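Visitor: the following block contains a protein sequence and its predicted model.
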Amino acid sequence: MTDLSLFDQDGAGNPNNNIFGLPFEEEEARLVLLPVPWEVTVSYKAGTARAPEHMMRASLQVELFDNDTDHVWKQGIYMREVDKKILLKSDYLRKEAELYINYIAQGENVEDNKFMCKALKEVNQGSEFLNNWVYEQTRDLLNQNKLVGLIGGDHSTPLGYYKAIAEKHGDFGILQIDAHFDLRQAYEGFKYSHASIMYNTLNEVPQVHKLVQVGIRDYGENEFRYMSESKGRVISYFDRNLKERQYEGQSWKQIADEIIAHLPEKVFISFDIDGLDPKLCPNTGTPVMGGLESEQAFYLFRALIKSGRKFIGFDLNEVGISTNEWDENVGARVLYKLSNLLLADNPM
């Protein structure tokens, strides 16, 4: 194990160390963070593919003391290097996707253009490749009894992880923090779009018995219908209703307890940063006014753990990059909170 006797937890973050300035290697870390630099299907602002690298730098400014947990970082947190081959593949396919999106935006028929047919096929095949890559990476880590956190990229990235953790844990539920349903049956022709992650999850990962969404405020009619007709498999808490209930006197504790009551014994947290108020994440891929405060989300996570449910893993996606590094700093702090709570709820 790493000798921490000379490590100053209150000192400046050492850029020669790993995430949060911690001096761990992967082999001895209890929690491994997997960066997935992928944003092929983003439909508005790009930049999330490079968020893991930016959050790594910003993480050196995060204080290690967390009064929610008892120095659990000492169990070891390690972030893998960004796979440059995945990033280059994302960059290439992103250009293909942009050409395709611009083409269909003009009302053109894709079937009339062989190049566009080829571009659509390549993007969908690339997304299948990415799903398999994520599955293999997370499966291998879980088989080593590591805890795993996934860092996107756009929100399409965790599907392979959901499949791997289903093999490890069996039935589980997902607590999704998000401005969007992500329940579209393909979007702009892309089967594995960031806007389809939860639709694909519910159709390809039968172990996900319950999806509870919090902060929803921007969605299509077909998505609303899918949620409404899911027979309770999907429970959505709309941002407007959450605020109205609080305006009318309900406490966030009452609402949080109700949200958690819908979840099964094992819970995975999927955190799309745009679920927060966009003052915290202005450069996320698809910002929407409204949203949660960071402490509302953290309170919900703490209440989840206090309820006795088992927190089994997380993904953090759609963090943007900015000239003043604001988004990256917010993302790094959300990442640290999720990491500490996952470690605290899974003692060695």
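Guide: Yep, that arrived.
Visitor: which SS state does Asn203 fall under?
Guide: helix (DSSP: H, G, I helix; E, B strand; the rest coil).
Visitor: just the buried residues of the lowest-mean-pLDDT helix or strand in the chain, please?
Guide: Sorting the helices and strands of the chain by mean pLDDT, DSSP states H and E puts helix 84-105 at the bottom, at a mean of 93. Judged by neighbour count using 16 or more other CB atoms under 10 Å, the buried positions of helix 84-105 are Ile86, Leu87, Lys89, Ser90, Asp91, Leu93, Arg94, Glu96, Ala97, Tyr100, Ile101, Tyr103. For the C-beta atoms, the positions are set from N, CA and C on the backbone; glycine is no exception.
Visitor: same for it, what does it pack against?
Guide: For helix 84-105, the packing partners by 3 or more CB pairs under 8 Å, 6 or more residues apart in numbering; DSSP states H and E come out as helix 114-143.
Visitor: so the helix or strand that comes right after the helix it packs on versus helix 114-143, what angle?
Guide: Counting by DSSP states H and E, the next helix or strand C-terminal to helix 114-143 is strand 147-152. When axes from the mean of the first three to the mean of the last three CA atoms, to 10 degrees is applied, the directions of strand 147-152 and helix 114-143 differ by 160 degrees.
Visitor: who are the packing partners of whichever helix or strand comes after strand 147-152?
Guide: Beyond strand 147-152 on the C-terminal side, the first helix or strand identified by DSSP H and E is helix 159-169. Other helices and strands packing on helix 159-169, by 3+ CB pairs under 8 Å, 6+ apart, are helix 114-143, strand 147-152, strand 172-177, helix 197-204, strand 266-272, strand 310-317.
Visitor: can I get stretch 213-226 as PDB, trimmed to CA atoms?
Guide: Taking Å, rounded to 0.1, in the frame of the first residue of the first chain, the C-alpha atoms of stretch 213-226 are listed here in PDB:
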ATOM      1  CA  GLN A 213     -35.200  10.800 -12.900                       C
ATOM      2  CA  VAL A 214     -34.700  14.100 -11.000                       C
ATOM      3  CA  GLY A 215     -34.600  17.600 -12.400                       C
ATOM      4  CA  ILE A 216     -36.400  17.000 -15.800                       C
ATOM      5  CA  ARG A 217     -37.400  20.100 -17.600                       C
ATOM      6  CA  ASP A 218     -36.800  19.800 -21.300                       C
ATOM      7  CA  TYR A 219     -38.300  16.900 -23.300                       C
ATOM      8  CA  GLY A 220     -40.300  15.700 -26.200                       C
ATOM      9  CA  GLU A 221     -43.900  14.500 -26.300                       C
ATOM     10  CA  ASN A 222     -42.900  10.900 -27.300                       C
ATOM     11  CA  GLU A 223     -40.500  10.700 -24.400                       C
ATOM     12  CA  PHE A 224     -43.200  11.900 -22.100                       C
ATOM     13  CA  ARG A 225     -45.500   9.200 -23.400                       C
ATOM     14  CA  TYR A 226     -42.900   6.600 -23.000                       C
END
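Visitor: state the mean pLDDT of it.
Guide: Stretch 213-226 shows a mean pLDDT of 98.
Visitor: from the chain's centroid, how far away is it?
Guide: 18 Å (CA atoms, centre = their mean, to the nearest Å).
Visitor: for it, buried residues please.
Guide: Here stretch 213-226 shows Gln213, Val214, Gly215, Ile216, Arg217, Asp218, Tyr219, Glu223, Tyr226 as buried, counting by 16+ other CB under 10 Å.
Visitor: from Ala119, how far off is the residue of the chain positioned farthest from its centre?
Guide: If you look at how far each residue of the chain sits from its centre, by CA atoms, centre = their mean, the farthest one is Asp112, at 36.8 Å. From Asp112 over to Ala119 the distance is 13 Å, taken as CB to CB, to the nearest Å.
Visitor: tell me where the stretch 201-348 of the chain has strands.
Guide: Ranges of strands in the stretch 201-348 of the chain, per DSSP state E, counting those that start in this stretch, are 208-216, 234-238, 266-272, 310-317.
Visitor: what about those, which gets the closest to Gln296?
Guide: Set against Gln296 and scored by CB to CB, the strands of the stretch 201-348 of the chain come closest in strand 208-216, at 8.9 Å.
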